[in-house]
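Visitor: I'd like to go over a predicted model; first the sequence, then the structure.
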Amino acid sequence: MRSAFIILALLVSESALAVNNANFWLPASYREWLPEMREQAEALERDEADCVSVIKSTLHESYSTRDNPVFRFVCRDSHNKSYSIIVDAVSHKRTYSNPMRSPEYRAKKEEEARLAKLAEAKKRLKAKRVDCENALQKKTRFMRDFTWVSDQFMEPQRLLLADVDPAKSKPKPKPKPKAKQGEAEEIVEEPQVWVFDGHFDAKDVQGRGLKYQARCLVFDDKETVTINIGRRVPASAQ
């Protein structure tokens, strides 16, 4: 029975994919499908996040025909655990022995995590809006006839800290050498902050009527908020 199979032994080179270490088994009658089997094994290592290396490739005889073979690949992940992926040689459709390894499941979990993070951020911003209102009330306690012109604090904006408060912005890091070919470039993110803006009128201690703009800064790494009050510039003068 062994003679009825072809074993494709591949030389290992430093530049080749790890699939070169895999054994490729096909019946002699399927020998023309060997290049396709190798191509699909390389595609798994390239596309599948969990598949560090393909360690075995065989024909799934129960579902195969000469015109439409079905391959069974055994992948090894970064934790040295193995799992199977079934690949249709014609349609290239992939079926996973463990559904939790599939891209659909991974995408679903990532979306759930994204929505949970978004809900937590909204909950925090709701609480911080109250902190902003309390901080403003404390800072304007000596003003008379306080009247909101806007709908209190408006919806928050996500802005660069350097644009909002240059004094508190961290200095920009020195540019790093350009990444060499094949290396991923490091992405340096500028610090950002949530900003609540609100417009109000009031009278100062001398009874003068003034137009104000309040800006409340909510930092990602701080529990306290920062409230700034300044003269409101008319839109026509901006």
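Guide: Alright, I've got the coordinates. This is a predicted model, so every value here is computed, not measured. Numbering: from 1, shown residues only.

Visitor: is it true that W25 touches T58?
Guide: Yes: because the distance of 4.6 Å satisfies C-beta atoms under 8 Å, W25 is recorded as touching T58. Placement of C-beta: from N, CA and C, glycine included.

Visitor: quick one: the helices in the chain?
Guide: 34-47, 103-139, 161-164 (DSSP state H).

Visitor: what residue ranges in the protein score low on pLDDT?
Guide: 1-22, 165-190, 234-238 (pLDDT under 70).

Visitor: repeat the analysis, applying 80 as the threshold.
Guide: 1-22, 151, 159-191, 204-205, 233-238 (pLDDT under 80).

Visitor: could you chop it up by domain?
Guide: 2-101, 122-171+190-237 (automatic domain parsing).

Visitor: can you get me a residue count around E223?
Guide: 9 (other C-beta atoms under 10 Å).

Visitor: list the contacts for the most far-flung residue of the chain relative to its centre?
Guide: Distance from the C-alpha centroid of the chain, by C-alpha atoms, centre = their mean, peaks at Q206 (53.4 Å). Under the criterion of C-beta atoms under 8 Å, 6 or more residues apart in numbering, Q206 has no neighbours.

Visitor: got phi/psi on it?
Guide: phi -90, psi 0 (degrees, to the nearest 10).

Visitor: distance check, it against R141.
Guide: Plainly put, Q206 is 16 Å away from R141 if you go by C-beta to C-beta, to the nearest Å.

Visitor: one more: F71?
Guide: 75 Å.

Visitor: elements contacting the longest strand anywhere in the chain?
Guide: Longest strand in the chain by number of residues, with DSSP state E as the criterion: strand 192-203. Applying 3 or more C-beta pairs under 8 Å, 6 or more residues apart in numbering; DSSP states H and E, we find strand 192-203 packed against helix 103-139, strand 144-148, strand 157-160, helix 161-164, strand 209-218.

Visitor: for R66, find the nearest of these.
Guide: helix 103-139 (29.8 Å; C-beta to C-beta).

Visitor: more crowded one of F71 and R141?
Guide: Neighbour count, other C-beta under 10 Å: between F71 and R141, F71 has more, with 25 against 8.

Visitor: so who does the more buried one touch?
Guide: So F71 contacts 37, 40, 57-60, 86-87, 89 (C-beta under 8 Å, 6+ apart).

Visitor: redo that, cut-off 7 Å
Guide: 37, 40, 57, 59-60, 87, 89 (C-beta atoms under 7 Å, 6 or more residues apart in numbering).

Visitor: is the closest residue in space to it that isn't next to it in sequence in a bridge, and if so with what?
Guide: Excluding its sequence neighbours, the residue lying closest to F71 (C-beta to C-beta, 6 or more residues apart in numbering) is V87, at 4.8 Å. For V87, the beta-bridge partners are F71, R94 (DSSP bridges).
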